[in-house]
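Engineer: just need the structure, nothing else, for what follows:
(one chain, ligands or ions: 1)
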Amino acid sequence: MRPLIVIGNWKMNGNLASNEDWIKTVARGMESGMPSGRKFAVCPPFPYLTQCASLIKEHSLAFLSLGAQDASADIAGAYTGEVAASSLKEMGCSYVIVGHSERRQLHHEVDELVAAKALQVLDSGMTPIICVGETADERNSGRAVEVVRGQVAKQLTVLQDRLADCLIAYEPVWAIGTGKVATAQVAQDMHRAIRLQLAEFDEDVASHVGILYGGSVKPDNAVELFAMPDIDGGLVGGASLDPQDFLAICKA
Ligand SMILES: O=C(CO)COP(=O)(O)O
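Structural biologist: The predicted structure follows:
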């Protein structure tokens, strides 16, 4: 049985004061217990990882793990501005997002680089969250499944059965930050397509990999999304900035 996983992606938001308020509020909200069989994590910007790790410890927030929003594809060396996966592990991270559409679009990251980053994350003992998803044009021209299958195929080529230790996040680009959530059925259909593609490679990998949905997940649509058989949780952007909304989604 795959656990339901809710991960907040703060993107380039937050500051020392708001982060502290957020962790305190979430700690109070989680104090009375959380639904069983679920996992939760938050991915703050790099500079706040240490602060969030110590706040999580201070508030004994056993339910909440820490993640990062990206990692380098290289182990170490002359890569100004890059952050090594091993450093993220040392800072207390359990998850690292790789290949987010904002990095693919704004920083021209391609599938091969995303796979190399995922390998570094795995080698450092963390779980990569590999993002895939089609644009509005690709969906409107009937190519959504083909595009996503292409992205997943590249990951399979490099990662092979190590994909069993990764999470995949299906994030349709047209649903990110737009308020246009994919209907639960549209999301389920793509998650199913991804799972069937994984099963063509290896049944065992397909049954192990958690496939999260991302794109305008809110407290009022999370229940329906999470009820779908192939949706194993959510990667939440905007709504994760509000601790009450994040908590509501975690409990949905
Ligand atoms: O990109 C996302 C999470 O990684 C989704 O962002 P929103 O929830 O703001 O649409």
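Engineer: nearest residue to Ala222 other than its sequence neighbours?
Structural biologist: Nearest non-adjacent residue to Ala222, counting by CB to CB, 6 or more residues apart in numbering: Ala252, 3.6 Å away. The way it works is simple: take the backbone N, C-alpha and C, and place the C-beta from them, glycine included.
Engineer: can you pull out the helices in the chain?
Structural biologist: Here the chain has its helices, by DSSP state H, at 16-31, 49-58, 85-90, 101-106, 111-123, 136-140, 144-159, 184-201, 203-208, 219-226, 243-251.
Engineer: dump the residue contacts of the residue nearest to Ala222.
Structural biologist: Contacts for Ala252 were tallied using CB atoms under 8 Å, 6 or more residues apart in numbering; they are Pro219, Ala222, Val223, Phe226.
Engineer: drop anything exposed from those.
Structural biologist: Among the contacts of Ala252, those classed as buried by 16 or more other CB atoms under 10 Å are Pro219, Ala222, Phe226.
Engineer: return the closest of those with respect to the ligand.
Structural biologist: Closest to the ligand out of those is Ala222 (10.8 Å), distances taken as CB to the nearest ligand atom.
Engineer: quick check: the closest one touching Ile249?
Structural biologist: Yes: between Ala222 and Ile249 there is a contact under CB atoms under 8 Å: 4.6 Å.
Engineer: list the residues that contact both of these two?
Structural biologist: Counting by CB under 8 Å, 6+ apart, the contacts common to Ala222 and Ile249 are Gly234.
Engineer: which residue packs closest to the closest residue to the ligand within the stretch 151-252 of the chain, ignoring adjacent ones?
Structural biologist: The stretch 151-252 of the chain approaches the ligand most closely through Gly237 (2.2 Å), counting by CB to the nearest ligand atom. Once flanking residues are discounted, Gly237 sits nearest to Asn9: 5.2 Å by CB to CB, 6+ apart.
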